[in-house]
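S.K.: pasting the sequence and the predicted model now:
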Amino acid sequence: MDFFNRHDGELYAESVPVSRIAAAHGTPCYIYSRATLERHFHAYDRALAGMPHRICYAVKANSNLSVLNVLARLGAGFDIVSGGELERVIRAGGDPGATVFSGVGKQRWEIERALEAGVRCFNVESDFELAMISEVASERGRIAPVSVRVNPDVDAGTHPYISTGLKENKFGVEIEQARVLYRRAAEMPGLEVVGADCHIGSQLQSLDPLMDALERMLALIDALAEDGIAIQHLDMGGGLGVPYGDEQPPSPGAYGEALKERLAGRDLELLLEPGRSIAANAGIMVTRVEGIKGGDEHRFAIVDGAMNDLIRPSLYSAWQRIEAVTDQSGIQPAVYDVVGPVCETGDFLGKQRELAIEAGDLLAVRSAGAYGFVMSSNYNTRNRPPELLVDGADVHLVRRRETLEEQLAPEIPLPELGS
Ligand code: LLP
């Protein structure tokens, strides 16, 4: 459920007509809904009420400082994968002490900074990373809290590019080796083993693989207890899917309930790292139809948003709902490929969509709040779009449209060259 609804033939973001925002800020633009972000966070939080838990929002899904700030105010923790994301959390008013640091290739400076900031836990993905964290912490006379990211080898049944919990994926440590690594970690200077974590993939449509992974993690935790290693928290990662179309993924509430039931009686704090299920349906991307091309065989709606603004359709063949912002009663619906101005055949936002539109109309690409703006680029020297956050009747510009000057600023002209 989200707060982008239609009234009298107009799409609204909370109580503001989307067309009004587009008129004021131009297109393409991203629009987020505070109430939707909050609703999704509360759904997790409420389902886990009564058991020790922390919802660590996955910053990568949407890292706008204001989005992070909305979640920080609710008491969210954060899941970060870079030193840059850590700075975002801090600047947004998030608590590093409620932040877990994931990622396969943490660099020394990132580990140093995270240790200094006091992150809650390093989710370690390899033996060499464990050694580096131990070294950095020992040099500083600090103790780094660590968890080993376990690859539980379950098939998440999702797109291969966003499936992470199989042996063939680069993530984590094989579950058979994890016990050995934990024993090593327990003996290394500068480390305190505090948790166990996994993340099996994204856009999951069923609880089964997650509950399967949970069983494997609990078996590992029991084995570690036999080795004298007490795990204080279990971090099950993110992964819950969202309805882009007519999928019916389990709700955060149902997932939380299932976890709570299975973990009852265990002395474990539960951490989750949801990204998409909090942010995706809390955002839309709005784009304007520049013109219409083609004939009865194949029609194209050329729009001003492109794969550089929203790459999910091009990169994953992802389907995101596209709708006209304002109903046009006098226009015959037709089937269009909605394509951008970028010079790539793969530059499309949607294919074969029935729409009643003409040049100048606004389209909303739904479910664009996660992995939308964050994956945008300057391909074709296009300025990245602005981001707006709606809060009831208020519209806040939370990132302005990039300018060409800003885009070109880091480039350095060549000196005089000999011929
Ligand atoms: N934790 C870890 C360690 C992760 O790698 C991820 C996502 C998450 C949490 C959040 O997962 P979520 O709840 O959002 O499923 N760009 C792709 C998705 C990549 C997901 C990467 N990892 C897309 O647009 O579909």
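M.R.: Perfect, thanks for sending it. Predicted model, so just to flag it, every value in this text is computed and none were measured.
S.K.: export only the CA atoms of stretch 66-75, formatted as PDB.
M.R.: Extracted in PDB, the C-alpha atoms of stretch 66-75 (Å, rounded to 0.1, in the frame of the first residue of the first chain):
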ATOM      1  CA  SER A  66      16.100  13.300   3.600                       C
ATOM      2  CA  VAL A  67      14.800   9.800   3.000                       C
ATOM      3  CA  LEU A  68      17.400   8.600   5.500                       C
ATOM      4  CA  ASN A  69      16.400  11.300   7.900                       C
ATOM      5  CA  VAL A  70      12.700  10.300   7.700                       C
ATOM      6  CA  LEU A  71      13.700   6.800   8.700                       C
ATOM      7  CA  ALA A  72      16.300   7.800  11.300                       C
ATOM      8  CA  ARG A  73      13.500   9.800  13.100                       C
ATOM      9  CA  LEU A  74      11.500   6.500  13.400                       C
ATOM     10  CA  GLY A  75      14.500   4.800  15.100                       C
END
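S.K.: other residues contacting it?
M.R.: 32, 34, 37-38, 41-42, 45, 57, 59, 78, 88-89, 92-95, 278-279, 387, 389, 396, 398 (Cβ atoms under 8 Å, 6 or more residues apart in numbering). The C-beta positions use only the backbone N, C-alpha and C, and glycine is treated the same way.
S.K.: of those residues, grab the buried ones for ChimeraX.
M.R.: Listed next is the ChimeraX selection for buried residues among these, using 16 or more other Cβ atoms under 10 Å:
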select :32,34,37,38,41,45,57,59,78,88,89,92,94,95,278,279,387,389,398
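S.K.: now intersect the contacts of stretch 66-75 with the helices, please.
M.R.: 34, 37-38, 41-42, 45, 88-89, 278-279 (DSSP state H).
S.K.: any idea how far the residue in the stretch 301-419 of the chain that the ligand sits nearest to is from residue 288?
M.R.: Closest approach between the stretch 301-419 of the chain and the ligand, counting by Cβ to the nearest ligand atom: residue 371, at 3.1 Å. Going from residue 371 to residue 288 by Cβ to Cβ, to the nearest Å gives 23 Å.
S.K.: neighbour-wise, which of the two wins?
M.R.: Between residue 371 and residue 288, counting by other Cβ atoms under 10 Å, residue 371 is the more crowded of the two (24 against 18).
S.K.: and the pLDDT for that one?
M.R.: pLDDT for residue 371: 98.
S.K.: name the element it belongs to?
M.R.: Using DSSP states H and E, residue 371 sits in no helix or strand.
S.K.: got the contact list for the residue of the stretch 301-419 of the chain closest to the ligand?
M.R.: 60-62, 275-276, 280, 312.
S.K.: next step: the residues you listed restricted to helices.
M.R.: Of the positions in the contacts of residue 371, 276, 312 sit in helices, assigned by DSSP H.
S.K.: between the contacts of residue 371, which is nearest residue 416?
M.R.: Nearest to residue 416 among the contacts of residue 371: residue 60, at 43.2 Å, using Cβ to Cβ.
S.K.: now for the ones in helices among the contacts of stretch 66-75, which pair is the farthest apart?
M.R.: 42 and 88 (22.4 Å).
S.K.: before we move on, the earlier item: return only those of the contacts of stretch 66-75 found close to the ligand.
M.R.: By Cβ under 6 Å from any ligand atom, no member of those lies near the ligand.
S.K.: can you tell me the strand partners of the lowest-mean-pLDDT helix or strand in the chain and which way each runs?
M.R.: In the chain, no helix or strand scores lower on mean pLDDT, DSSP states H and E than strand 173-174, which sits at a mean of 92. If you go by DSSP bridges, strand 173-174 pairs up with strand 144-151 (parallel).
S.K.: near the ligand, which residues of the stretch 201-350 of the chain are found?
M.R.: Close to the ligand, as judged by Cβ under 6 Å from any ligand atom, the stretch 201-350 of the chain has residues 202-203, 237-240, 273-277, 312, 316.
S.K.: which of those count as buried?
M.R.: 202-203, 237-240, 273-277, 312.
S.K.: closest to residue 23 out of these?
M.R.: Distances from residue 23 to these, taken by Cβ to Cβ, are shortest for residue 312, at 26.3 Å.
S.K.: give me the angle between the longest helix along the chain and strand 144-151.
M.R.: Longest helix of the chain, by residue count under DSSP H: helix 208-226. Between helix 208-226 and strand 144-151, the angle comes out at 130 degrees (axes from the mean of the first three to the mean of the last three Cα atoms, to 10 degrees).
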